[in-house]
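Q: Next comes the sequence, and after it the predicted model I'd like to discuss.
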Amino acid sequence: MKKLVAYITTAYPEKSFTIDLALALGESGVDTLELGIPFSDPVADGPLIEKANHKALNLGFKFQDLLDVSSEIAPKVDTLWMGYFNSFYQQNLKKLTPRAQELGVNGFIIPDLPHEEALAYRDLFHANNIANISFVAPTDTQERIKEVVNEAQKFIYMVAYTGITGAGAAEDLQPFLNSIKKYTQTPVYVGFGVNEKTAKEKVKGADGVIVGSAFIDILLKEDFSYAQKISYCSELAKTIKDTINQ
């Protein structure tokens with residue numbers, strides 16, 4: 001069974017909505033949830049996620065909101081925190097990492113923390129059973145891919161192309177995927193540009209997909225009620241989960 005990871009922006013449009021949405025997604029085929037930490041300059045994310053980040057911040061997002069949401073959903077849905085390193089650093093990783101474990105969070109996704117710099121926190125993460133998700137990109141050399149995936153935990157985030165999330169670029173991923181899998185038994189999930197139209201093609205040979213902008217696009221629809229947003233996101237999750245397992 002191929003896996004579906006869903007990204008949503010924490011506390012957008014509000015904290016209670018995020019909890020309701022997360023639990024609904026967990027019941028609709030989402031295997032792992034990325035709780036996005038709103039940040040002013042999300043450099044790896046496309047315009048939709050950037051817009052949701054800015055809206056959440058303008059609505060008054062506080063880091064405590066992430067902790068509150070996590071306490072409600074992490075015991076019920078496999079939960080990761082996705083954010084930029086400054087957000088983690090400002091909270092003091094030595095205190096934050098064990099707190100994440102206490103809440104039931106299972107890992108971090110930090111796209112601007114390079115593998116080489118993440119090694120400084122390896123013991124801290126391991127001691128608290130927190131997986132620091134490894135990224136590999138088409139621009140990586142074979143030597144670097146081998147090094148990055150050597151100790152990869154939970155899954156490897158395979159960047160489907162060079163760019164930002166949410167773009168619809170299409171390309172043959174098989175050579176890149178093969179270059180990863182020859183060095184590791186850790187599952188490889190494809191991210192960037194995955195939606196209901198592209199998921200079936202992108203998941204070929206991979207173990208799962210990571211979907212963000214397609215969900216955020218629904219959340220940004222101002223003419224949808226909260227109930228409609230949850231319903232449409234749930235249907236999207238079911239559709240993608242079915243599609244990647246056909």
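A: Perfect, I can see it now. If you're wondering where the values come from, they're calculated on a predicted model, not measured in any experiment.
Q: Check which helices and strands the longest helix along the chain is in contact with.
A: Ranked by residue count under DSSP state H, the longest helix found in the chain is helix 226-244. Packing contacts for helix 226-244, counted by 3 or more C-beta pairs under 8 Å, 6 or more residues apart in numbering; DSSP states H and E, involve strand 3-9, helix 15-26, helix 199-202, strand 208-211, helix 213-219. (Glycine included, C-beta is placed from N, CA and C.)
Q: For the first one, what is the distance to the chain centroid?
A: Shown here is strand 3-9, whose average C-alpha point lies 6 Å from the average C-alpha point of the whole chain (C-alpha atoms, centre = their mean, to the nearest Å).
Q: quick one on the thing from earlier: please produce JSON lines containing the helices and strands packed on helix 226-244, extended by mean neighbour count.
A: As requested, those are arranged in JSON lines below (neighbours: other C-beta atoms under 10 Å):
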{"stretch": "strand 3-9", "mean neighbour count": "26"}
{"stretch": "helix 15-26", "mean neighbour count": "20"}
{"stretch": "helix 199-202", "mean neighbour count": "19"}
{"stretch": "strand 208-211", "mean neighbour count": "26"}
{"stretch": "helix 213-219", "mean neighbour count": "23"}
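Q: any weak-confidence spans in the chain?
A: Within the chain, the stretches with pLDDT under 70 are 161-171.
Q: Now residue 20: closest residue in space that isn't a chain neighbour?
A: Among residues not flanking residue 20 along the chain, residue 230 sits closest, at 6.1 Å (C-beta to C-beta, 6 or more residues apart in numbering).
Q: In contact with the one you found, which residues?
A: For residue 230, the contacting residues are 17, 20, 21, 24, by C-beta atoms under 8 Å, 6 or more residues apart in numbering.
Q: Grab the nearest non-local neighbour of the first one.
A: The shortest distance from residue 17 to any non-neighbouring residue, by C-beta to C-beta, 6+ apart, is to residue 226 (5.5 Å).
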